[in-house]
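Peer 1: Just a sequence and a predicted model for now, questions to come.
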Amino acid sequence: MKKKNVLFVCNAGLNRSATGALLVEEDKNANKKYNAKHAGTHWLAFMRINKYAVQWADIIIFMEPHNKEIVLHRFPSESKGKETHVLNIPDNYVKGEAELVRILKEKLSRILKIKWRD
């Protein structure tokens, strides 16, 4: 079975999206099914979203609704037909924060059908 590519998107591409990508890449169950990358929508983002990242993705997971709006507006043809999800996780967490990890695992287990290994 071919692995699906998951792109996590937040504002800066530094905390929330990076944590999501790291969870998928480091978990043995998730890593069997998915490749993961992360990006940010802000023009000063650490890993700024671009058309190649959107083209690469099979699934795009946005932290907030405005992240989705920006990507769909900037890259309409590249994002057409992509599976998208908005997690509604506000920008008040740092990378790897325990509460952020807990929330991401809970939401991603439903969306990506991942059984996390502890």
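Peer 2: Noted; the coordinates are in hand.

Peer 1: Do I have it right that residue 25 meets residue 32?
Peer 2: No - applying Cβ atoms under 8 Å as the test, residue 25 and residue 32 come out as separate, 11.4 Å apart. Glycine gets a C-beta too; all of them are placed from N, C-alpha and C.

Peer 1: Between these two, point out the one with more neighbours.
Peer 2: A count of neighbours by other Cβ atoms under 10 Å puts residue 25 above the other of residue 25 and residue 32, at 15 against 10.

Peer 1: Any chance of the backbone angles for the closest residue to residue 41 other than its chain neighbours?
Peer 2: Leaving aside its chain neighbours, residue 41 sits nearest to residue 70 (4.4 Å; criterion: Cβ to Cβ, 6 or more residues apart in numbering). Dihedral pair for residue 70: phi -60, psi -50, per degrees, to the nearest 10.

Peer 1: what's the burial count for residue 70?
Peer 2: A count of neighbours around residue 70, defined by other Cβ under 10 Å, yields 18.
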